[in-house]
Every structure is written in C-alpha cells, then in structure tokens.
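Undergrad: Next one to model:
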Amino acid sequence: MAKTIPDVINLKSRGDLWVEDAVATGTITPGSVVQLGATASPNEVAVQSTAAGKRPVWVALHDTDLGRGINDDYVAGDSVKYIRSLAGDEFFALVAASAAAIAKGALLEFDASGGFRILAAGAAKAIALEAVDNSGGGTPARIKVATI
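TA: The predicted structure is shown next:
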C-alpha cells in the first residue's frame, strides 16, 4: 500500500504556532528548513544550506492564503510563511534525492539543501517518525519528523 501524504506541512504543535513571513531569496519548497537570507536581513529567508549545522529548526509552510499546496514552491521575491519549530513539533520534512535510507526512530541532522539526513557529524535536530528509502529516488521525498 502506498504511503499517504497529508496536504499540510505542520502536523502537530506542542505550543502556540507562530507563523512568520519573510521574503524568499531563492526557490523554497514547503517543508524545507530555512535560515535567514544571505544578506542577513531579518525579512529574508533561504533554504538552510549548512550541512550538519546548528541553526534552529525553522520550517517553510505552504501558503493556503494563495491556494498553494505542499508541492508548490516559493520563488525569489515571494512572501514565505514559516514556523519556528519547537521540540516535539511534528511536520513533513524533505529527504534529498538519492539520500541514504532512513529508519523509523533515526536521529537526523540538516543536509545542505533544506532537508534532513541521518545523523553523521552534526547536531541532532529531529527524529524520524517513519522509515523512508529515497536512495533510488530522483527527486526529494517527504518524511514525517519530530523536532528534538
């Protein structure tokens, strides 16, 4: 049976959900981890680009106000909705194409493309709530994670 993916990114929040808005500096897929933009402007975000980084977990949402779904990318100049994820929050994140298989319960760190990978050398940022094998995949896959 094929895995069913909900049409939302944020699945469960342990506290008040604070949705922020910032301008995209490039293409951002909902579910990507984002960081302050290259200009360090508090009003710009970009895809988190440091593998194994120690940044907080900020997650791009989809823009329901404009009728966009979870597969509708933001482009440079768009207003991006994102949340500052707290420990225990659950959301659909991204796993890069051809990434190593991830087992349920695996500790995850940032990859360098706005997604997660198996913890290797960085700081654990999330735990996999399901198994995902995208090792043969040609496009990013979704994975249900909880922030730690």
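Undergrad: All the strands of the protein, in order from the start?
TA: Shown for the chain, the strands assigned by DSSP state E span residues 10-12, 19-24, 33-36, 44-47, 58-60, 79-84, 90-95, 107-110, 116-118, 126-128, 141-147.
Undergrad: which residues of the chain score low on pLDDT?
TA: For the chain, the stretches flagged by pLDDT under 70 are 1-5, 38-40.
Undergrad: let's see 50
TA: Low-confidence segments of the chain, defined by pLDDT under 50: 1.
Undergrad: who's in contact with the closest residue to Glu20 other than its chain neighbours?
TA: The spatially closest residue to Glu20, leaving aside those adjacent along the chain, is Tyr82, at 5.4 Å (C-beta to C-beta, 6 or more residues apart in numbering). C-beta coordinates here come from the backbone N, C-alpha and C atoms, glycine included. Tyr82 sits next to 19-22, 34, 45, 58-61 when contact means C-beta atoms under 8 Å, 6 or more residues apart in numbering.
Undergrad: Which positions are bridged to Tyr82 in the beta structure?
TA: Here Tyr82 shows beta-bridge partners Glu20, Ala60, assigned using DSSP bridges.
Undergrad: about what we covered before: PyMOL command to pick out the buried ones of the contacts of Tyr82?
TA: Of these, the buried ones go into a single PyMOL selection, burial set by 16 or more other C-beta atoms under 10 Å:
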select buried, resi 22+34+45+58+59+60+61
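Undergrad: now the contacts of Tyr82 as JSON lines including distance to Val145?
TA: Formatted as JSON lines, these follow (distance: C-beta to C-beta, whole Å):
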{"residue": "Val19", "distance to Val145": "19"}
{"residue": "Glu20", "distance to Val145": "20"}
{"residue": "Asp21", "distance to Val145": "23"}
{"residue": "Ala22", "distance to Val145": "22"}
{"residue": "Val34", "distance to Val145": "15"}
{"residue": "Val45", "distance to Val145": "19"}
{"residue": "Trp58", "distance to Val145": "14"}
{"residue": "Val59", "distance to Val145": "10"}
{"residue": "Ala60", "distance to Val145": "14"}
{"residue": "Leu61", "distance to Val145": "15"}
